[in-house]
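A.B. asks: Please find the sequence and the predicted model below.
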Amino acid sequence: MYAQEYGRYFGMNVGIFRGGCLTGPSHSGVELHGFLSYLLKVAYSGGVYTVYGYKGKQVRDNLHSFDVVRAFEEFASNPRPGEVYNLGGGRGNSISILEAIARVEALAGRKMTWAYNEHARRGDHICYISNLAKFTKHYPAWSVTRGLDATLEEMARAELARGKAQGGAPVNESLPRQTGRWETARLRAGQTNGTEWPLSSTKHPSIRSYNAIRIFRMIHAWLKHSN
């Protein structure tokens, strides 16, 4: 609200983004947030995944971090002070927990162990799908470029790589290798390889996500230009 009001009253080039499930290969998900990241982590580690309420039919839309950063870049190139936008994968990248479990099982090459808790998380939405109409109208050059299957495959490869680095035994190494704008962008952002970030100070290299690094660099460049 502060950003919106200051943007409108003082003409500051500030945009507000209401994110859906923003994810990617460097996402460090945990049980209560980071849905797909945590699901893959449990699948490859052999742990137990808990589904909370709604019979596992709650739906989320998921957006790859590459497309998140591209949205920020589009806004930064032609900012609209104080505008508020939804940012997510939209209906095409939406999936329920049960559907996600099935897809992850196919990627991992084995059945997951999961349990059901009938008590839904407090405040949890049954269905959340971002309406991207406003942002795509204002910035028609932007679109969702990473489909859900491609995102899951990339995240699975990253999880396999982290498992190897930590001495874990991979379950399935038959995932296809993808190349293109995402790999190029990772190198531009300063990532040394597919699993480690040079700024990481913990055992989990995914702590420093691709989009966070790019955002900080964009802010730094904007402040430098403004001064």
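C.D. replies: Perfect, I can see it now.
A.B. asks: Could you pull out the helices in this protein for me?
C.D. replies: 2-10, 35-45, 65-77, 97-108, 133-138, 148-165, 181-188, 210-226 (DSSP state H).
A.B. asks: Which of the ones you listed has the highest mean neighbour count?
C.D. replies: Mean neighbours per residue, mean count of other C-beta atoms under 10 Å, is largest over the helices of the chain for helix 35-45, with a mean of 21. In short, each C-beta sits where N, CA and C put it, glycine included.
A.B. asks: could I get the helices of the chain as CSV with mean pLDDT?
C.D. replies: Formatted as CSV, the helices of the chain follow (pLDDT from 0 to 100):
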stretch, mean pLDDT
helix 2-10, 88
helix 35-45, 94
helix 65-77, 96
helix 97-108, 96
helix 133-138, 98
helix 148-165, 92
helix 181-188, 38
helix 210-226, 58
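A.B. asks: Tabulate those helices in TSV, adding columns for distance to Gln58.
C.D. replies: Listed next are these as TSV, based on distance: least, C-beta to C-beta, whole Å:
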stretch	distance to Gln58
helix 2-10	29
helix 35-45	10
helix 65-77	22
helix 97-108	6
helix 133-138	23
helix 148-165	16
helix 181-188	28
helix 210-226	24
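A.B. asks: For Met1, the count of nearby residues, please.
C.D. replies: For Met1, the count of nearby residues is 7 (other C-beta atoms under 10 Å).
A.B. asks: contacting residues for it?
C.D. replies: Shown in contact with Met1 (C-beta atoms under 8 Å, 6 or more residues apart in numbering): no residues.
A.B. asks: Tell me, what's the model's pLDDT at it?
C.D. replies: At Met1, the predicted lDDT confidence score is 82.
A.B. asks: Can you give me the end-to-end span of stretch 50-60?
C.D. replies: 16 Å (C-alpha to C-alpha, to the nearest Å).
A.B. asks: Buried residues of that stretch, list them for me.
C.D. replies: Of the residues in stretch 50-60, Val51, Tyr52, Gly53, Tyr54, Gln58, Val59, Arg60 count as buried by neighbour count, 16 or more other C-beta atoms under 10 Å.
A.B. asks: Quickly list what the second one is bridged to.
C.D. replies: Here Tyr52 shows beta-bridge partners Asn117, assigned using DSSP bridges.
A.B. asks: Could you measure from the closest residue to Leu107 other than its chain neighbours over to Ala71?
C.D. replies: Of all residues not flanking Leu107 in the chain, Ala156 sits nearest, at 4.6 Å (C-beta to C-beta, 6 or more residues apart in numbering). Using C-beta to C-beta, to the nearest Å, one gets 24 Å for the distance from Ala156 to Ala71.
A.B. asks: Tyr52 too?
C.D. replies: 30 Å.
A.B. asks: pLDDT score for the spatially most central residue of the chain?
C.D. replies: Using C-alpha atoms, centre = their mean, the residue of the chain that lies closest to the mean C-alpha position is Thr23, 1.0 Å off. Note for Thr23: predicted pLDDT of 96.
A.B. asks: ok, now how distant is it from Leu39?
C.D. replies: Relative to Leu39, and taking C-beta to C-beta, Thr23 is found at 10 Å.
A.B. asks: Residues that sit against both of the two, list them.
C.D. replies: Gly29.
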